[in-house]
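Novice: missing the sequence, but the structure's below:
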């Protein structure tokens, strides 16, 4: 199209968009010139023309008012969508937490966890997700982010944090959290990850050891994100996958793992159905995460029990 053609097209579009103003201005100018330069126009015609101009302006006003409600409706629709989004972030209390986690496990091929030592993960999430994947012969990806059991300072800090809410947990019985217990719980999660890896070839599992004390637990599946904590005076949350907050935390959890120490779960260290003390020591040596020299055979036996026979903390 030539430049002249484009100018003509823009002019026609402008006239159509402002047709009410064009009509009013044309009538007003025509009547005004005729009234000034001759006696051709009678007073009745002149008065009628004035009404035409006013009518055109009124029409323009009506059109503008019709446009405004459309804009208001668009704004209201956006607000309504935002409110609907908020309803998809709902609070969980008591037994609702365990039920939400159970539902999240039903249809998922991935699970991301970030928290302290992963007790519930060992007791319920990991074994049940593995069982489902084995039954369905499907791929399962699990990424676990817990505190580093080799970092005694962090373990001490986490033990103090857990003691703050002793007796106020969702389950109502926190137990006595010490540095020693924190270390054993974290080692147990690493052991459990390795044990299940050796029993499901379609399991892609990774463990990352963090140098920070978490105050929240994040469980993310393909359907939702569940955020829990030990203080019962505060709310637990569930976010549906289609919400922006879900995507934000996918990125947040990824960045957290990137800053943690990755443990090479795939190892040739053998683990029997019920790992022995020697097998467990050898595993952690192979992972370059040796157990403390102060740990006795009894301590290692406790880690094995915690790894494969952990108690469900939500069970009353």
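Specialist: Yep, that arrived. Quick caveat: nothing in here was measured; it's all calculated off a predicted structure. Residues are numbered from 1 along each chain as shown.
Novice: Only C-alpha atoms from now on, for both contacts and neighbour counts.
Specialist: Noted.
Novice: And the strands in this structure?
Specialist: When secondary structure is read from DSSP state E, the chain shows strands at 89-92, 110-114, 140-147, 203-210, 217-220, 224-228, 236-240, 261-263.
Novice: I would like the residues contacting the third one, please.
Specialist: Put plainly, it is strand 140-147. Outside strand 140-147, the residues within contact range by CA atoms under 8 Å, 6 or more residues apart in numbering are 109-118, 129-130, 133, 154-155, 186, 202-213, 256-257, 260.
Novice: List buried residues within these.
Specialist: The neighbour-count test (16 or more other CA atoms under 10 Å) marks 109-118, 129-130, 133, 154-155, 186, 202-213, 257, 260 as buried among the contacts of strand 140-147.
Novice: Let me have the strands of the chain in a markdown table, adding distance to residue 248 and mean pLDDT as columns.
Specialist: Written out in a markdown table, the entries for those read as follows (distance: least, CA to CA, whole Å; pLDDT from 0 to 100):
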| stretch | distance to residue 248 | mean pLDDT |
| --- | --- | --- |
| strand 89-92 | 14 | 90 |
| strand 110-114 | 14 | 98 |
| strand 140-147 | 17 | 97 |
| strand 203-210 | 20 | 96 |
| strand 217-220 | 12 | 97 |
| strand 224-228 | 11 | 96 |
| strand 236-240 | 11 | 95 |
| strand 261-263 | 22 | 95 |
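Novice: Adding distance to residue 194, write those strands out as TSV.
Specialist: Rendered in TSV, the data for these read as follows (distance: least, CA to CA, whole Å):
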stretch	distance to residue 194
strand 89-92	32
strand 110-114	16
strand 140-147	12
strand 203-210	8
strand 217-220	20
strand 224-228	25
strand 236-240	29
strand 261-263	10
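Novice: Model confidence for residue 223, exactly?
Specialist: The confidence metric pLDDT takes the value 95 at residue 223.
Novice: That should have said residue 29, apologies.
Specialist: Checking the pLDDT column for residue 29, the value is 49.
Novice: Check residue 242 too.
Specialist: Looking at residue 242 specifically, the model assigns a pLDDT of 87.
Novice: Give me the neighbour count for it.
Specialist: 12 (other CA atoms under 10 Å).
Novice: Spit out the contact partners of it.
Specialist: Counting by CA under 8 Å, 6+ apart, there are no residues that residue 242 touches.
Novice: Make 36 the first number, not 1, from now on.
Specialist: With 36 as the first residue, the last one maps to residue 277.
Novice: how near is it to residue 258?
Specialist: Counting by CA to CA, to the nearest Å, the gap between residue 277 and residue 258 amounts to 8 Å.
Novice: ok, now residue 221?
Specialist: Noted for residue 221: a distance of 27 Å to residue 258, by CA to CA.
Novice: pLDDT below threshold where in the stretch 86-235 of the chain?
Specialist: In the prediction, the stretch 86-235 of the chain carries residues with pLDDT under 70 at positions 86-122, 201-210.
Novice: which residues in this protein form helices?
Specialist: Assigned by DSSP state H, the helices in the chain fall at 38-52, 54-72, 78-122, 130-141, 154-155, 161-171, 187-199, 214-232, 279-293, 312-321, 332-343.
Novice: domains of this structure?
Specialist: Under the assignment automatic domain parsing, the domains of the chain span 38-122, 127-343.
Novice: coming back round to it: out of the strands of the chain, which gets nearest to residue 308?
Specialist: Nearest to residue 308 among the strands of the chain is strand 238-245 (17.3 Å), distances taken as CA to CA.
Novice: Check which helices and strands that closest one is in contact with.
Specialist: In terms of contacts (3 or more CA pairs under 8 Å, 6 or more residues apart in numbering; DSSP states H and E), strand 238-245 is packed against strand 175-182, helix 214-232, helix 279-293, strand 296-298.
Novice: What residues sit buried inside the longest one?
Specialist: The reference is to helix 214-232. Using 16+ other CA under 10 Å as the test for burial, helix 214-232 gives 214, 216-232.
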